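S.K.: Sharing a model that was predicted from the sequence below.
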Amino acid sequence: MIRALVETASNPIPSGTRVDSLPLAGGKELRYAITSAGNQPVQGTVIVLHGRNECIEKYFETVRDIADRGFTVATFDWRGQGASSRLLRNRAKGYVKSFDNYASDLELLFESVLLPDCRGPYYILAHSAGALTALLAAPALSNRIRRMVLLAPLLDINGSRTRKMMASLAARTLRSTGLGGAYMLGGPHKMKSFAVNEVTSDEARYLRNCEILERAPDLAIGGPTASWIAAAAKAIKQINRPEFIETIRIPMLVIAAGADSVVSTPAVERFALQVRNTTLLTIDGAKHEILQEKDFYREQFFAAFDAFIPGTGDESLRLTG
């Protein structure tokens, strides 16, 4: 049964939104939502791809902002999180076998919903692990997606090189011995106080997102498992290979968060400089979740978005392609 969208007084469901689900193998389901464009003529469709441990409800504000620009907005919960089917008996664990499974989720949405029901051209707006998946899928999407906007893409995490190598080795070892479902970082989901959160400097938006999970705790997952970390490391390694970078043909706007303590901003900047038809913008002072940040930072994002996506603004950031 489809999990209804959850709204709160500070986070209402965008008007013109419908929610449904798509079947996955093994009786699993993928929950998705489509929001109609708020203005005519319709400029196309923006597909919003979430990061790890995020859900459709967290992006209501952003969906509304994009719909008001004349776009249909499509978004969904990745398998294993939000209100899509979980993959382990313990629902709290963040798990996936391969990021190729996430790319398959996006392909399923395209074939079943976007192409038959949503007007093109199609654009992607993706955050963190969602941006990593968008890059992984980019070669297959080159004839479908006109442009991509990637926010703080998960191309490396902060921390020492030695620590990251040890974590990756431990994750692969656990998975190879049948313990891929074991927690690697953290445990069951726990709310952090705003004072110690690492993802935004906007208290009101942070508390709004906490309220969603207080109202519907089943939308949250806990820490990543060994399998999730091993899968992410493999995807990062793959998309950083020069021969893979050569296959990325979609024009991109890559936006890094200058005060990101989750994802490595230098890694994002290095990657962006290697990819053709790519514009790089670093928003100084912004933390990891730029779309959940203070208006000062979100306005910088939307100024860049409007300049890059056809139909929303001027031509100053537009690329040929």
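M.R.: Alright, I've got the coordinates.
S.K.: Look through the chain and tell me its longest helix.
M.R.: Secondary structure assigned by DSSP state H gives helix 161-176 as the longest helix of the chain.
S.K.: So what touches that one?
M.R.: Where contact means C-beta atoms under 8 Å, 6 or more residues apart in numbering, the residues beyond helix 161-176 that reach it are 156-157, 180, 182, 184, 226-227, 229-230, 233. Heads up, the C-betas are built off the backbone N, CA and C, glycines and all.
S.K.: Go through that helix and flag the buried ones.
M.R.: Of the residues in helix 161-176, 167-168, 171-172, 174-175 count as buried by neighbour count, 16 or more other C-beta atoms under 10 Å.
S.K.: Stretch 134-145 now?
M.R.: By neighbour count on 16+ other C-beta under 10 Å, the buried set for stretch 134-145 is 134-138, 141, 144-145.
S.K.: Also stretch 85-104?
M.R.: Under 16+ other C-beta under 10 Å, the buried positions of stretch 85-104 are 85-87, 91-96, 99-104.
S.K.: Kindly indicate which of the residues you listed lies nearest residue 202.
M.R.: Each of the buried residues of stretch 85-104 was checked against residue 202 using C-beta to C-beta; the closest is residue 94, at 24.2 Å.
S.K.: Report the contact partners of that closest one.
M.R.: Contacts for residue 94 (C-beta under 8 Å, 6+ apart) come out as 52-53, 80-81, 221-225, 228.
S.K.: gap between the closest residue to residue 262 other than its chain neighbours and residue 7?
M.R.: When the adjacent residues along the chain are set aside, residue 262 lies closest to residue 288, with 4.2 Å between them (C-beta to C-beta, 6 or more residues apart in numbering). Summarising the geometry, the distance separating residue 288 from residue 7, computed by C-beta to C-beta, to the nearest Å, is 25 Å.
S.K.: ok, these two, which is more surrounded?
M.R.: In this comparison of residue 288 against residue 7, neighbours counted by other C-beta atoms under 10 Å, the higher total goes to residue 288 at 24 against 16.
S.K.: wait, what's in contact with that one?
M.R.: Shown here is residue 288, whose contacts under the criterion C-beta under 8 Å, 6+ apart are 128, 152, 198-200, 257, 260-263.
S.K.: May I have the phi/psi pair for it?
M.R.: phi -60, psi -40 (degrees, to the nearest 10).
S.K.: on that earlier part again, for the residue nearest to residue 262, give me the pLDDT.
M.R.: The predicted local confidence for residue 288 comes out at a pLDDT of 98.
S.K.: show me where this structure has helices.
M.R.: In chain order, the chain shows helices spanning 60-67, 99-109, 115-117, 129-141, 161-176, 203-215, 226-239, 242-245, 265-272, 295-308, with DSSP H as the criterion.
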